[in-house]
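S.K.: structure of the sequence below:
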Amino acid sequence: LKQALDDKTKHQEVSTLVIDYDMPGINGLDLCKSLNAPSIQKILLTGIAEDKKVIQAFNDNLINAYINKMSIRFVEELSQHIEQAQ
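M.R.: Residues are numbered from 1 along each chain as shown. You can find the predicted model right below:
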């Protein structure tokens with residue numbers, strides 16, 4: 001346990017990305033397609049993506065979670081997904 005606590009490298013790897021669907025120059029799903037790191041959990045945020053696109057992204061294993069930014073529980077849902085992803 002002490003060795004695990006002393007391991008400074010464990011905080012140097014990205015484990016979870018929170019990606020907005022609507023970004024300048026690229027949408028979040030296209031960004032997810034370009035990432036070639038299956039160990040990274042991807043949480044997609046959006047207020048505009050169509051449900052069909054989100055379902056297809058899950059089916060294609062492009063994202064691990066989806067949160068609608070208009071949800072009244074947005075912050076709580078985001079916190080839960082990040083905790084689960086790590």
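
S.K.: how about the residue most central in space within the chain, what does it touch?
M.R.: Nearest to the mean C-alpha position of the chain, counting by Cα atoms, centre = their mean, stands I43 at 1.9 Å. Listed by Cβ atoms under 8 Å, 6 or more residues apart in numbering, the contact set of I43 reads 16-19, 63-67, 78, 81-82, 85. Just so you know, the C-beta spots here come from the backbone N, C-alpha and C atoms, and that holds for glycine as well.

S.K.: quick one: average pLDDT of stretch 42-50?
M.R.: Averaged across stretch 42-50, pLDDT comes to 83.

S.K.: list the buried residues in that stretch.
M.R.: 42-46, 49 (16 or more other Cβ atoms under 10 Å).

S.K.: now render these as JSON lines, adding distance to F74 and secondary structure.
M.R.: Listed next are the buried residues of stretch 42-50 as JSON lines, based on distance: Cβ to Cβ, whole Å; DSSP: H, G, I helix; E, B strand; the rest coil:
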{"residue": "K42", "distance to F74": "17", "secondary structure": "strand"}
{"residue": "I43", "distance to F74": "12", "secondary structure": "strand"}
{"residue": "L44", "distance to F74": "13", "secondary structure": "strand"}
{"residue": "L45", "distance to F74": "8", "secondary structure": "strand"}
{"residue": "T46", "distance to F74": "11", "secondary structure": "strand"}
{"residue": "A49", "distance to F74": "15", "secondary structure": "coil"}
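
S.K.: from E13, how far off is A85?
M.R.: According to Cβ to Cβ, to the nearest Å, A85 stands 13 Å off from E13.

S.K.: in terms of neighbours, single out the busier of those two.
M.R.: A85 (16 against 9; other Cβ atoms under 10 Å).

S.K.: got a list of what the nearest residue in space to that one that is not next to it in sequence touches?
M.R.: Excluding the flanking residues, the one nearest A85 by Cβ to Cβ, 6 or more residues apart in numbering is Q41, at 3.6 Å. Shown in contact with Q41 (Cβ under 8 Å, 6+ apart): 15-17, 64-65, 85-86.

S.K.: right, I'll leave it there.
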